[in-house]
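*Asks:* what follows is a predicted protein model with its sequence.
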Amino acid sequence: MAELTYREAVAAGLAQEMERDDSVYFIGEDVAAPGGVFKTTGGLLERFGPRRVRDTPISEEAIAGAVMGAAMTGLRPVGEIMFSDFFATCWDIVANQIAKTRYMTNGQVTLPLVIRAANGGGLRFGAQHSQSVENWAMAVPGLKVVAPSNPADVKGLLAASIRDDDPVIFLEAKSLYPTKGEVPDGEHVEELGRAVVHGDGEDVVLVALAAMVPRAIEAGERLRDEHGIGCRVVDLRSLVPLDVSTLLESVRATGRVFTVEENPRLCGWGAEISSIVAEEALYDLDGPIVRITTPHVPLPAAETLEDATIPSASRIVDTVVKEQ
Amino acid sequence: MAELTYREAVAAGLAQEMERDDSVYFIGEDVAAPGGVFKTTGGLLERFGPRRVRDTPISEEAIAGAVMGAAMTGLRPVGEIMFSDFFATCWDIVANQIAKTRYMTNGQVTLPLVIRAANGGGLRFGAQHSQSVENWAMAVPGLKVVAPSNPADVKGLLAASIRDDDPVIFLEAKSLYPTKGEVPDGEHVEELGRAVVHGDGEDVVLVALAAMVPRAIEAGERLRDEHGIGCRVVDLRSLVPLDVSTLLESVRATGRVFTVEENPRLCGWGAEISSIVAEEALYDLDGPIVRITTPHVPLPAAETLEDATIPSASRIVDTVVKEQ
Amino acid sequence: MSVVARWAREAKLDDPTRLELYSKLSEIRQFEQRAYDLFLQNLVAGTSHLSLGQEAVAAGFAQAMRDDDFTFCTYRGHAHTLVRGASMTGLMAELLGRSNGILAGKGGSMHLTSVENYAMGSYAIVGSHLPIAAGAAWAAQERGTGQVSVCFFGDGTTNIGAFHEALNLAAVWKLPVVFVCENNLYMEYTPIASVTAVEHPGADRAAAYGLESLIVDGNDVDEVYGIATTYLERARDGGGPALIEAKTYRKGGHSRADPAKYRPPQEVESWLARDPIILYRSRLLELGVEEKTLDDIDSEVLTAVDRATEEAKAAPPADEELIHADVWADGGSRWRN
Amino acid sequence: MSVVARWAREAKLDDPTRLELYSKLSEIRQFEQRAYDLFLQNLVAGTSHLSLGQEAVAAGFAQAMRDDDFTFCTYRGHAHTLVRGASMTGLMAELLGRSNGILAGKGGSMHLTSVENYAMGSYAIVGSHLPIAAGAAWAAQERGTGQVSVCFFGDGTTNIGAFHEALNLAAVWKLPVVFVCENNLYMEYTPIASVTAVEHPGADRAAAYGLESLIVDGNDVDEVYGIATTYLERARDGGGPALIEAKTYRKGGHSRADPAKYRPPQEVESWLARDPIILYRSRLLELGVEEKTLDDIDSEVLTAVDRATEEAKAAPPADEELIHADVWADGGSRWRN
Ligand SMILES: Cc1ncc(C[n+]2csc(CCOP(=O)(O)OP(=O)(O)O)c2C)c(N)n1
Ligand SMILES: Cc1ncc(C[n+]2csc(CCOP(=O)(O)OP(=O)(O)O)c2C)c(N)n1
Ligand SMILES: [Mg+2]
Ligand SMILES: [Mg+2]
């Protein structure tokens, strides 16, 4: 086991797969010589050369389109969209073309591609560089959506996403880039669609994703220690495929569900979770399903404002204590 | 009262507001001389002249951007995006710029604009020309989202949207264009954020929008007549603002909620409705909240396939009978 | 400012090539006319966009392409898919929403695709396929296959952002892709001239990407074949992309029931007089080809179109089971366990 | 192929104009240096993109603009907003996330806006503001106000789709908008030359929209002022849009802590030698302006920067109440009843 940052785990995952498979290519803005604006892809150019690791113009539609065209004709490309907010500039290629082409062609076309992006807030970048858009991607049939919460998962899930034969939107939580964690040595590949449960509290389940996972875990510890409320945290890890079994198990075990979402409220992924529970496990509930989300506002920039907008461990604790 | 088609009501609403207010302008692709590809805007060019009704190049970002820039500097423009699927080609302007600018500028900028689009399936156009994207828009803080189900609402809600000082995404159900209905004579303006309830059945509430409303109403009649199940149908009319009071009243009155959504399942607006009910009215429920949606697949083109994919009155009836 | 290719008129095409070109023209013409008839008989649901009048562009390029070169086209893609060798029955059945459709009914008229024939798809959102075609060219370049990607689109498409991004990327990366702008003077119902800042929407933009300005008579299949051959070979040899503007005209409306009343009668007349098939037929006769040879080709094609029509009409409607198939590479649509 | 404006060198500028230009240069320089200092003191959260080295573009244009002409700029927008007359305290406070920020802390460095000064916003997503600026020009045209919209962006922005769509629309509608490409040779860390198909990313694209190819020395504030005056007037008089490429260079990195190591030392040196403020100062001295006059301007500016800094630092952090304010025109954020 080596200790890596979340940031380093990105390059580690890419390197592992590029080493293994010549058809894996990687393109994006400032990704090659500069090593990425978040320094997530340093060293790849040196290791795999300027053809397999390549800087593009500021042309998100060209990046997404190139990745799609290459995936349908023999490569297994990875594209970077620098900030997930910029998916909006190539949403047509992603949501209308990449997501639908296999289906529309009755399976003639296969698209083994990954598009990575830095997602979410915490760096005081303001409303256009801090969005959590995992729900945008989840809403589009034909996209898989992966969002790791720790370095080991970054590496293992990125590897799994690259090996997957379907298009995967891989969302890295930019606030987690500096965080550290143990990453297994040697080849490390996880499975898409398998949630992980932290803790075994029997009072409440907190369903979380990506940057919200460490906050939920911290809240869970405080709820146990300070309020005697037993929590378990479900780290969904991928929204599509979604591990509904683990979710429903945890509902049965606790009877109380709280979602912890970084995306703004309306049509967030927590709404989907809530609707699944309300449809399939209503009688297992001991009380309302509560959603803790970024309120339905664009994200403000200033530190004080941003911190008060995105769900924090304290807000989770307070909400659970109040509602429970 | 005059009988108009849903299609004609679009032009009627636009004409009413352009007559009233010189600052209302209208642009889009093939909207002026051709009168719109769905023939929704015929006659406007002749009546208001080539400056106020204008054809654009095929440049959705330019349309959305022009409308935004004009709205912040004194016009009250209406833009048309021909098919709502094409929002993806200008999603950055819509979701990142239009939706966020008022907030980011601390209220310095006001954006009284409307973007209209033909939304949804039913015309066998396939996956890239048939999407219901109301949930895409609902998910973005800063956008109002309106989706009328009948000609009177088309006119009245379009007028209200144009008068509204916030950006409104106005989604016309393309399958309803040929349908007819009474439209009040003279000036007709509705209020945004007020749902309408059809029927007073006490067993079940069907929550529907746009093209799903007539299907829900038909299903409600069949459920009453053929199965003795008393239904009421809530026509939401706008997703933002959302009439939660009317929704919760209908939940209290019936105890059973079914959403009828044309958007594909994951993160559809029905998930949001379900999560509100599960959080705020759990104890009023007599059974699970059931979502009837287009399954989470891109929409297929052939008649037989499309008809079996989008929720139909029969599917609603069958689902309610089975689940109730 | 613009180079009009005179390649074909000067070079000597051999007879077999000329007959193959004629055959492709005939195939498109008769297929499209049949599609229109079936629409009038109310057998085609949804929309459809015919290439009647524009046949020479599809035919000339297809003739010049290597079997494994890629075609990317638009909703106006029947012709481009057909001439790559896609099953005529499969295409016709797709228009009719039948189970033997080339996409089993899931895609419809606007999304015709035949990967086994390297027809990589018809794209219904204006402009999106240009970067995708560039991507296929990028893969070909990296894999060293010598394949060229050919991307067809209309005049109206030159004003959307994806056009710009794709052209620049292709030029910078010297990708083996040939972009073909079929300028038929109209978008849907709006004349391109009224919404475009330059006269030649394709050719006048080429310099912005460091490319030559190229215009070809899109109704002259020899000219098209000539310019296609030239720039396909150049791209194949590492010479990078080209942007070719083919001037042409559609005989009918933009789609289905559009009567195209917005076009000045004189304009229509003068273009109909330059019908690519009439033009080519008379050239071939002048060159000494027997009339019967051409008639035989036409009737062979007719037989094929008849058979395709019958096979399509005889098939059951698209199979509802497929609604849940092929969202994912595993063949299914499950998003949960 | 490209026209380099010589307007300013030839025309005689009067002294007051020249001193105002100098004053604007000084204001930007000192404001930006202070912003950098505050960042080094860890007082600026988030990111920031300075215009050090590029001051002449902002100064020259602002000087040429009518008070009610619109400015649209990017995340690198401190300078452009400041020179339109926006409150220096408000801007400084915004960088520091204070309650007296010009956006009350809600926007941050990348979104500076001062509508009362017709600074219509700083846009942080590359390219998006070009069509928006065109829209403001469209409204001005329709309302007959004689206002011109001026839109600043970088070299890297010329490769994104929105650039293309905005330029075409502006040209077709003859909108009163001047697009200004500040070519500082780099995007973030990647040289523009490595990803662009033409040498002059702005000027070489102008012809694609029927516009003149215009290049100006962006480090010479007189030249900038000259070309700005010419094309603003032309746009105001109904002559339509212009696209001007200003060659310039940033002294430091792309943003915050970027040490800009990717730039060849010689290139950096040669550009630093052409620092727009040093250049202009020596020109003014040559023209007989007293050194003291310039020193006095500098120290007045310094006093203003000091005061702004103090007022910003003294203010409380942004007010959490505002989180729920101004999503909507009614001042609130309610999406439900
Ligand atoms: C992004 C987008 N905007 C609008 C449309 C609607 N639309 C379909 S075809 C068309 C006209 C295209 O014109 P052109 O590129 O000249 O091609 P042609 O149909 O003449 O072959 C339009 C506007 C679309 N499909 N996609
Ligand atoms: C659509 C989009 N893609 C990428 C970025 C990230 N980004 C911010 S600034 C920048 C470089 C812009 O270069 P240029 O246009 O030359 O402006 P400069 O920063 O040099 O002033 C990039 C890539 C962005 N903000 N928006
Ligand atoms: Mg055309
Ligand atoms: Mg630059």
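*Replies:* The structure has been received and is ready for your questions. Ligands and ions are numbered 1, 2, ... in the order given.

*Asks:* now do C:Leu13, the pLDDT please.
*Replies:* Looking at C:Leu13, its pLDDT reads 73.

*Asks:* which strand or helix spans the residue nearest to it when sequence neighbours are not counted?
*Replies:* Spatial nearest neighbour of C:Leu13, excluding adjacent residues (C-beta to C-beta, 6 or more residues apart in numbering or on different chains): C:Asp222 at 6.4 Å. Yep, even glycine has a C-beta here, placed from its N, CA and C like the rest. For C:Asp222, the host element (DSSP states H and E) is helix C:221-236.

*Asks:* longest single strand anywhere in chain A?
*Replies:* Identified as the longest strand of chain A according to DSSP state E is strand A:257-264.

*Asks:* which strands or helices does it pack on?
*Replies:* Strand A:257-264 makes packing contacts with helix A:134-138, strand A:204-208, helix A:212-227, helix A:269-280, strand A:290-294, helix A:313-323 when contacts are defined by 3 or more C-beta pairs under 8 Å, 6 or more residues apart in numbering or on different chains; DSSP states H and E.

*Asks:* partner strands of it and their direction?
*Replies:* strand A:204-208 (parallel), strand A:290-294 (parallel) (DSSP bridges).

*Asks:* that strand - what's its average pLDDT?
*Replies:* The pLDDT scores in strand A:257-264 average 98.

*Asks:* picking that back up, can you tell me which of the helices and strands packed on strand A:257-264 is nearest to ligand 3?
*Replies:* When the helices and strands packed on strand A:257-264 are compared by C-beta to the ion, helix A:134-138 sits nearest ligand 3, at 32.1 Å.

*Asks:* and the next helix or strand past the closest one?
*Replies:* strand A:144-146.

*Asks:* so what are the sheet partners of that next one and their directions?
*Replies:* As assigned by DSSP bridges, strand A:144-146 forms pairs with strand A:168-173 (parallel), strand A:238-240 (antiparallel).

*Asks:* check the offset of the shortest one from the chain's centre.
*Replies:* Here strand A:238-240 shows a centroid-to-chain-centroid distance of 8 Å under the convention C-alpha atoms, centre = their mean, to the nearest Å.

*Asks:* which outside residues touch that strand?
*Replies:* Residues outside strand A:238-240 that contact it (C-beta atoms under 8 Å, 6 or more residues apart in numbering or on different chains) are A:134, A:137-138, A:143-147, A:157, A:192-194, A:209, A:269, B:266, C:335.

*Asks:* ok, stretch C:217-225 next?
*Replies:* C:4-9, C:13, C:17-18, C:21, C:25, C:53-57, C:59-61, C:63-64, C:182-183, C:216, C:246-249, C:271, C:274-276, C:279-280, C:283.

*Asks:* out of the residues you listed, who's near ligand 4?
*Replies:* When C-beta under 5 Å from the ion is taken as the criterion, no member of the contacts of stretch C:217-225 contacts ligand 4.

*Asks:* can you select the buried ones from these in ChimeraX?
*Replies:* Only the buried entries of the contacts of stretch C:217-225 go into this ChimeraX selection, using 16 or more other C-beta atoms under 10 Å in any protein chain shown:
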select /C:5,7,8,13,18,21,25,53,54,55,56,57,59,60,61,63,64,182,183,216,246,247,248,249,271,274,275,276,279,280,283
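
*Asks:* ok, C:Asn184 to C:Ala139 distance?
*Replies:* In this view, C:Asn184 and C:Ala139 are 30 Å apart by C-beta to C-beta, to the nearest Å.

*Asks:* which SSE is the nearest residue to C:Pro317 once chain neighbours are set aside in?
*Replies:* Spatial nearest neighbour of C:Pro317, chain neighbours left out: B:Thr304 (4.3 Å); criterion: C-beta to C-beta, 6+ apart. Per DSSP H and E: B:Thr304 is located in helix B:303-309.

*Asks:* could you give the mean pLDDT of that helix?
*Replies:* 97.

*Asks:* and that helix, how far out from the chain middle?
*Replies:* Using C-alpha atoms, centre = their mean, the offset of helix B:303-309 from its chain centre is 22 Å.

*Asks:* three-state assignment of A:Val233?
*Replies:* What DSSP: H, G, I helix; E, B strand; the rest coil gives for A:Val233 is strand.

*Asks:* wait, it touches A:Ala195, no?
*Replies:* No: using C-beta atoms under 8 Å, A:Val233 is not in contact with A:Ala195, being 10.0 Å away.

*Asks:* just want to know which of these two has more residues nearby.
*Replies:* Neighbour count, other C-beta atoms under 10 Å in any protein chain shown: between A:Val233 and A:Ala195, A:Val233 has more, with 30 against 22.

*Asks:* show me what that one bridges to in the sheet.
*Replies:* A:His198, A:Leu206.

*Asks:* if I pick it, what's in contact with it?
*Replies:* For A:Val233, the contact set (C-beta under 8 Å, 6+ apart) comprises A:Val197, A:His198, A:Gly199, A:Val205, A:Leu206, A:Val207, A:Ala208, A:Val213, A:Ala216, A:Ile217, A:Gly220.

*Asks:* good, we can wrap up now.
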